[in-house]
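Chemist: sequence unavailable; structure follows:
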């Protein structure tokens, strides 16, 4: 069996263990992976993110590429309600597009658009995000200001230390 076909079963098992041992956890998802089908994702009119390196942007979504994608890439739709409704689990944002906040070319406005898309996804499921997990832990002051505007209470990041430097991917 493919790894994708096992996601729901593995997640269910983890949730069961977390409930049994009263483990509190945060599950962060990328908004692009929450659509009910590749077809519904392809219907979206999504603008490219203006990274200096366009390979970082998942947009535009070309039907000739994504129409051949495995529907199982859209993981978590069955288990997401179980996470949302479990009092010890939290569903957090991992941004809509796996947004890189420190890459050259992006602006605060671009990040704000990404946050608005993610809020729309949460609203459709009766949810409000309280936390965000930044892709590649890339965080900056402008993005944190946007998060505050969108009522996020906390984010995952790394404290400055000898082994970590908050930097662009390049």
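Modeler: Happy to help now that I have it. A quick note: this is a predicted structure, and the numbers were derived from the prediction, not measured. Numbering: from 1, shown residues only.
Chemist: so how far is the helix ranked longest in the chain off the chain centroid?
Modeler: In the chain, assigned by DSSP state H, the helix with the most residues is helix 108-124. Offset of helix 108-124 from its chain centre (CA atoms, centre = their mean, to the nearest Å): 11 Å.
Chemist: can you tell me the closest non-neighbouring residue to residue 130?
Modeler: Closest residue in space to residue 130, ignoring its immediate chain neighbours: residue 153 at 4.7 Å, by CB to CB, 6 or more residues apart in numbering. Backbone N, C-alpha and C define where each C-beta goes, glycine included.
Chemist: quick check, pLDDT for the one you found.
Modeler: At residue 153, the pLDDT value in this model is 96.
Chemist: still on that earlier bit, what is the rounded mean pLDDT of whatever helix or strand comes next after the longest helix of the chain?
Modeler: Using DSSP states H and E, the helix or strand that follows helix 108-124 towards the C-terminus is strand 131-133. Mean pLDDT, strand 131-133: 97.
Chemist: circling back to that earlier point, which parts of the longest helix of the chain are buried?
Modeler: By 16 or more other CB atoms under 10 Å, the buried positions in helix 108-124 come out as 110-115, 117-119, 121-122.
Chemist: tell me which residues are up against it.
Modeler: 31, 34, 47, 49-50, 91, 93, 95-97, 99, 101, 128-129, 142-143, 145-147, 149-150 (CB atoms under 8 Å, 6 or more residues apart in numbering).
Chemist: of those residues, just the buried ones, ChimeraX syntax please.
Modeler: The buried residues among these can be selected in ChimeraX (16+ other CB under 10 Å) with this line:
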select :31,34,49,91,93,95,96,97,99,101,129,143,146,147,150
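Chemist: which ones among the contacts of helix 108-124 map onto strands?
Modeler: 91, 93 (DSSP state E).
Chemist: out of the buried residues of helix 108-124, flag the one nearest to residue 159.
Modeler: Nearest to residue 159 out of the buried residues of helix 108-124 is residue 111 (CB to CB; 21.9 Å).
Chemist: any idea how far the closest residue to residue 57 other than its chain neighbours lies from residue 95?
Modeler: Distance criterion CB to CB, 6+ apart; nearest residue to residue 57, sequence neighbours excluded, is residue 49 at 4.2 Å. According to CB to CB, to the nearest Å, residue 49 and residue 95 sit 10 Å apart.
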